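>>> Need coordinates for the below:
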Amino acid sequence: MNTVTPRVFIAATRQNDGKTTTSLGLIAALQKFFPRIGYIKPVGQRFIQVDEQNIDEDTVLMDAVYRLNCPLVDMSPIAVEPDFTRKYLQAGNNEALVRKIQKAFDRVAWEKDFVLCEGSGHAGVGSVFDLSNAQVARILGCKVIIVTQGGIGKPIDEVALNQALFEKEGVQVIGVILNKVLGDKVDYVSDFARRGLKRRGLELLGVIPHQRILSSPTVDSIREELQAEVLNPTPTLQTLVEEVVVGAMTAQNAVPFFRRGALLITPADREDIVLAASSSLSTTGDHRLAGIVLTRGMQPGEAMLDVIRSMPVPVLLAREDSYQVASRVHDLIVKTRPKDSEKISLIRDLIARNVNVKKIVEAL
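From the prediction side, this is the model:
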């Protein structure tokens with residue numbers, strides 16, 4: 001296996017700590033030092049079908065943003081399907097999986113100056129089939145950066161647990177990036193987190209301020225999650241949803257909640273609320289709703305459809321009831337997607353300004 005091309009492994013203390021966000025921004029920042037960068041997510045757990053191949057969705061994102069000039073199947077060699085673990089425990093061949101990862105890395109690293117390897121969670125994820133993040137980092141000969149959420153006590157405790165497992169596999173952790181730190185606490189957290197990490201022999205490589213936009217879903221991602229039908233032609237589905245309003249009150253009492261960034265969820269037969277929302281849209285300009293979701297799968301009548309078609313914001317029709325829809329929107333894991341150009345631009349800027357990329361390069 002290639003042991004010459006510089007590489008780094010991005011891990012996290014938990015899911016959704018910002019590992020993919022960090023990887024996305026780091027590729028742009030590292031291009032100043034290494035013009036040709038490759039990317040690999042050796043073990044992926046959330047995948048989509050591309051040309052009849054199961055490809056990790058983060059791999060699709062990286063390739064769409066950076067045009068990495070490498071087959072997707074090599075950047076995502078192992079996709080953990082629902083029955084993957086059961087099959088492995090019955091008759092798994094670890095050596096075959098290791099060879100698959102190593103050969104994929106060789107192809108990803110071909111004619112590249114650097115390879116960024118993204119893990120799939122904390123150090124122990126994948127242990128059940130003998131491919132934990134710590135084991136994969138060792139297989140690929142990587143040093144590791146751990147991404148964790150902002151704070152001091154809990155994040156450092158969790159980093160210590162992960163560091164121990166990496167070190168057990170003989171893998172060096174070169175530093176930590178704190179993500180989602182509240183803006184007014186950045187200096188305070190940076191100071192004391194640096195002291196705490198130093199006691200563990202670790203560098204604080206960056207502190208990324210919390211940005212609400214990165215955890216806010218777009219109307220389109222909600223449409224996708226709900227598999228909802230779009231009832232009207234709208235200019236865009238990329239509007240960010242900042243809050244959810246369930247229309248379970250009278251139309252008059254609902255009107256004050258029709259504000260910028262709000263997603264209105266209401267049964268399709270509550271025509272009074274839909275009409276009130278329509279009236280508010282004609283007067284609020286840029287301060288209008290992000291969109292409307294009609295629930296219970298009931299198709300509005302023709303007269304109401306005419307009103308809906310004239311609305312300047314997206315109106316979706318979902319099959320589930322309002323409680324189920326609101327719950328799914330609340331629990332939605334917001335992932336950056338290739339079409340989220342505003343978010344991607346912000347991520348690049350955040351990493352460039354708040355992560356010491358030069359120190360990372362020196363440590364490798």
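
>>> how much space between Asp331 and Arg46?
In this view, Asp331 and Arg46 are 15 Å apart by Cβ to Cβ, to the nearest Å. Glycine gets a C-beta too; all of them are placed from N, C-alpha and C.

>>> do Phe9 as well
As judged by Cβ to Cβ, Phe9 and Arg46 stand 19 Å apart.

>>> Neighbour count for the two, which is higher?
Higher neighbour count among Phe9 and Arg46: Phe9, with 27 against 13, using other Cβ atoms under 10 Å.

>>> Note down every partner strand of the helix or strand where the more buried one lies and its orientation.
Taking DSSP states H and E as the criterion, Phe9 maps to strand 7-12. According to DSSP bridges, strand 7-12 forms sheet pairs with strand 114-118 (parallel), strand 143-149 (parallel).

>>> Turn those strands into CSV, columns for distance to Gly297.
Listed next are these as CSV, based on distance: least, Cβ to Cβ, whole Å:
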stretch, distance to Gly297
strand 114-118, 38
strand 143-149, 38
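
>>> Any chance of TSV for these, columns mean neighbour count?
Below are these laid out as TSV (neighbours: other Cβ atoms under 10 Å):
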stretch	mean neighbour count
strand 114-118	25
strand 143-149	25
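
>>> Need these in JSON lines (columns: mean pLDDT and distance to Tyr39).
Listed next are those as JSON lines, based on pLDDT from 0 to 100; distance: least, Cβ to Cβ, whole Å:
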{"stretch": "strand 114-118", "mean pLDDT": "98", "distance to Tyr39": "5"}
{"stretch": "strand 143-149", "mean pLDDT": "97", "distance to Tyr39": "15"}
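
>>> So which of the ones you listed is nearest Ser341?
Closest of those to Ser341 is strand 114-118, at 21.0 Å (criterion: Cβ to Cβ).

>>> can I get the CA coordinates of the closest one in CSV?
Taking Å, rounded to 0.1, in the frame of the first residue of the first chain, the C-alpha atoms of strand 114-118 are listed here in CSV:
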residue,chain,number,x,y,z
PHE,A,114,-2.3,14.7,-0.1
VAL,A,115,-5.3,12.4,1.0
LEU,A,116,-7.9,13.4,3.5
CYS,A,117,-9.5,10.3,5.2
GLU,A,118,-12.8,10.8,6.9
